[in-house]
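> Build me a structure from this.
(chains A, B, C and D)
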There are 4 protein chains.
Amino acid sequence: MPSKNKKEISFISEIRVRFTETDPLGIVWHGNYIQYFEDGREAFGREHGISYLEQKAQGFTSPIVKSSCEHKLPLRYGDVATIKTTFINSPAAKMIFRYEIFDPQKRLVCTGETVQVFLDENGELVLTNPKFFQKWKEDMGI
Amino acid sequence: MPSKNKKEISFISEIRVRFTETDPLGIVWHGNYIQYFEDGREAFGREHGISYLEQKAQGFTSPIVKSSCEHKLPLRYGDVATIKTTFINSPAAKMIFRYEIFDPQKRLVCTGETVQVFLDENGELVLTNPKFFQKWKEDMGI
Amino acid sequence: MPSKNKKEISFISEIRVRFTETDPLGIVWHGNYIQYFEDGREAFGREHGISYLEQKAQGFTSPIVKSSCEHKLPLRYGDVATIKTTFINSPAAKMIFRYEIFDPQKRLVCTGETVQVFLDENGELVLTNPKFFQKWKEDMGI
Amino acid sequence: MPSKNKKEISFISEIRVRFTETDPLGIVWHGNYIQYFEDGREAFGREHGISYLEQKAQGFTSPIVKSSCEHKLPLRYGDVATIKTTFINSPAAKMIFRYEIFDPQKRLVCTGETVQVFLDENGELVLTNPKFFQKWKEDMGI
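Sure, this is the predicted structure:
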């Protein structure tokens, strides 16, 4: 019987590489992938009801405390890339997302991960899952 | 007798062109000059006591309502450019700044202007000069 | 009889305001509108066959020599804004575009204009319309 | 006897947090730390003769293939932060840098690491240390 925790929730979104996101080498500057991850995470959030604005309406923000990025191939100006954003379930009061970015030929160009914690309205770190997040997980069947 | 209003208050600051500020043509992307203008304006503000944080401490913000930019020559990665920021006096409740950016050879690469209005703590437009700004002008002799 | 030159060619595209495009005041930082103008101009270019990549394939680039921007209302995080990009015909070897940005309630938030010149493959300024541009105008009926 | 490889080469530089680098929460957006790492790495490069432009003059570029970032405290608008950039020696044909960013109170706000590989003028991955890099290491006593 598969564990509930193993359930993978993903969302696929698209970004179009902007001229200003490329550098003198003609490829996307590596730091912009952090923006693409956020684009993917927010698209996931809008789809699954857990975007920045929805968290804020519940009185929480969720700053990134850790991020990593591994580059395999470049993206170029005009490329329409695909981002697969996957929620990684964890018992801790954290939100973990993994990202895979694919170029127009469906080759994997980049992978990454971000970890977010929850702050309450006073900016204090929350050590147990906020209710809205616990309910969201239940609603998602994880 | 020179008019008080003709007095020019300027400040000269430096910026170093970042790799990510250049584009696939190897030159600074035009939109980044708006950032350089802000760098110049904030350097002026820190020097002359009228920076964003000093305005905020007085209960005001001053959003840009107009900006323009004229490009004559490109800047390139690694260039250390000079920004001359000049306050343009006006009877209206506005802050007007002019900018001239020079390349390492002291050639004029770009000119521009920004106009700011004042909003109070409720975000309402202020139609007469805020007291702190009036006092600042007097202190500056304009 | 209406003049050919009066014909207006426009394109309407959308942008979604990113978290990082907003500032501590919760509104889009003014410099980002220059990026939105470019987004609109490139969407126009892809629609009408005169994008950056299409110009480059013809051996030309078209740097911005002038831009201006007037702000009337703010945009906020999450807003899906509409950009109307209009080509302004001119006899000179220039590309002039006007921009109007509307918020989700269809209120005008910002207007602007950019002027581009043409450089050939040696980076030299071109004083007469490049053939591809002349042909494009004819194809567009202007 | 201490190993040559253990020698640590560092450089300390400063950055001033820009208004546009902060987000609606009033703190630096996490993605901007990747830019600060690059600022630190380039300051290191200029100091120690291994900057982007110096590599390019030797016929090489060194794209980032991996980056990571861990956030402990926020930076705010106007903060003048300190970046300690440390070269991590490795036998592989790679450049590895570690970063520590400190706030004005000298508290550690962020740590990170980047890994770069070398590409030759044809964009091909170089599997052994380029000569200029080998010589640079020797000159640095590592």
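
> Skipping adjacent residues, who's closest to A:Leu119 in space?
Nearest non-adjacent residue to A:Leu119, counting by Cβ to Cβ, 6 or more residues apart in numbering or on different chains: A:Thr61, 5.1 Å away. For the C-beta atoms, the positions are set from N, CA and C on the backbone; glycine is no exception.

> Same check on A:Gly31?
D:Ile34 (3.7 Å).

> sec struct for the residue positioned nearest the centre of chain A, please.
Nearest residue to the geometric centre of chain A (Cα atoms, centre = their mean): A:Arg41, 3.2 Å. Put simply, A:Arg41 is helix when judged by DSSP: H, G, I helix; E, B strand; the rest coil.

> Can you report how many residues neighbour the residue nearest to A:Leu119?
Using other Cβ atoms under 10 Å in any protein chain shown, A:Thr61 is surrounded by 18 other residues.

> What pLDDT is listed against it?
Looking at A:Thr61, its pLDDT reads 94.

> My read is that it contacts A:Glu54, right?
No - between A:Thr61 and A:Glu54 there is no contact under Cβ atoms under 8 Å: 11.6 Å.

> ok, back up a step: give me the phi and psi for the residue nearest to A:Gly31.
Torsion angles at D:Ile34 (phi, psi; degrees, to the nearest 10) stand at phi -60, psi -40.

> Contact partners for the spatially closest residue to A:Gln58 that is not a sequence neighbour?
In space, and not counting its chain neighbours, A:Gln58 is closest to A:Phe132: 4.1 Å by Cβ to Cβ, 6+ apart. Going by Cβ atoms under 8 Å, 6 or more residues apart in numbering or on different chains, A:Phe132 touches A:Gln55, A:Gln58, A:Phe60.

> What residues of the helix or strand harbouring A:Phe132 count as buried?
In this structure, A:Phe132 sits in helix A:131-139 according to DSSP states H and E. By 16 or more other Cβ atoms under 10 Å in any protein chain shown, the buried positions in helix A:131-139 come out as A:Phe132, A:Phe133, A:Trp136, A:Lys137.

> which one of those residues sits closest to chain B?
Closest to chain B out of these is A:Phe132 (28.8 Å), distances taken as Cβ to the nearest Cβ.

> Report the contact partners of the residue nearest to A:Leu119.
A:Tyr52, A:Gln55, A:Phe118, A:Leu119, D:Leu25.

> again with A:Ile9
A:Ile9 touches A:His48, A:Thr86, A:Phe87, A:Met140, A:Ile142, counting by Cβ under 8 Å, 6+ apart.

> rerun at 6 Å
Neighbouring residues of A:Ile9 by Cβ atoms under 6 Å, 6 or more residues apart in numbering or on different chains: A:Phe87, A:Met140.

> Provide the backbone phi and psi angles at it.
Dihedral pair for A:Ile9: phi -110, psi 120, per degrees, to the nearest 10.

> Helix, strand, or coil at A:Gln55?
The three-state label given to A:Gln55 by three-state DSSP is helix.

> Burial check on it, number of neighbours?
For A:Gln55, the neighbour count with other Cβ under 10 Å is 21.

> can you count the residues close to the closest residue in space to it that isn't next to it in sequence?
Here the nearest residue to A:Gln55 in space, its sequence neighbours aside, is A:Ser62; by Cβ to Cβ, 6+ apart that works out to 5.8 Å. Neighbour count for A:Ser62, taken as other Cβ under 10 Å: 22.

> How about A:Gln58?
A:Gln58: 17 surrounding residues under other Cβ under 10 Å.

> Please determine how far it is located from D:Asp23.
Between A:Gln58 and D:Asp23 the distance is 19 Å, computed by Cβ to Cβ, to the nearest Å.

> so where is chain A shaky, pLDDT-wise?
Along chain A, segments meeting pLDDT under 70 span A:1-6.

> now the strands for it?
A:9-16, A:64-71, A:80-88, A:94-102, A:108-117 (DSSP state E).

> Just the CA coordinates for the third one, please, in PDB.
Read that as strand A:80-88. Extracted C-alpha coordinates of strand A:80-88, given in PDB (Å, rounded to 0.1, in the frame of the first residue of the first chain):
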ATOM      1  CA  VAL A  80       9.500  29.100 -24.100                       C
ATOM      2  CA  ALA A  81      10.500  26.800 -21.200                       C
ATOM      3  CA  THR A  82       8.500  24.400 -19.100                       C
ATOM      4  CA  ILE A  83       8.700  24.300 -15.300                       C
ATOM      5  CA  LYS A  84       7.500  21.300 -13.400                       C
ATOM      6  CA  THR A  85       7.000  22.300  -9.800                       C
ATOM      7  CA  THR A  86       6.600  19.500  -7.200                       C
ATOM      8  CA  PHE A  87       5.500  19.800  -3.600                       C
ATOM      9  CA  ILE A  88       7.600  17.500  -1.400                       C
END
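
> who wins for proximity to D:Met95 among the strands of chain A?
Ranking the strands of chain A by proximity to D:Met95 (Cβ to Cβ) places strand A:64-71 first, at 14.3 Å.

> That closest one to strand A:108-117, inter-axis angle?
Relative orientation of strand A:64-71 and strand A:108-117, computed by axes from the mean of the first three to the mean of the last three Cα atoms, to 10 degrees: 170 degrees.

> Which positions in chain A make contact with chain C?
Within reach of chain C by Cβ under 6 Å from any Cβ of the partner chain, chain A has these residues: A:Leu53, A:Gly78.

> Please list the residues of chain A that sit near chain D.
Close to chain D, as judged by Cβ under 6 Å from any Cβ, chain A has residues A:His30, A:Gly31, A:Ile34, A:Gln35, A:Ile64, A:Val65, A:Lys66, A:Ser67, A:Ser68, A:Cys69, A:Glu70, A:His71.

> Would you tell me which residues of chain A are close to chain B?
Proximity of chain A to chain B, by Cβ under 6 Å from any Cβ, involves residues A:Thr20, A:Thr22, A:Pro24, A:Gly26, A:Trp29.

> So what's the residue count around the nearest residue to A:Val115 once chain neighbours are set aside?
Distances taken as Cβ to Cβ, 6+ apart put A:Lys66 closest to A:Val115, at 4.1 Å, once the chain neighbours are dropped. A:Lys66 has 16 neighbours, counted by other Cβ under 10 Å.

> My guess is A:Lys66 contacts D:Lys72. True?
No - taking Cβ atoms under 6 Å as the definition, A:Lys66 is not a contact partner of D:Lys72, at 10.3 Å.
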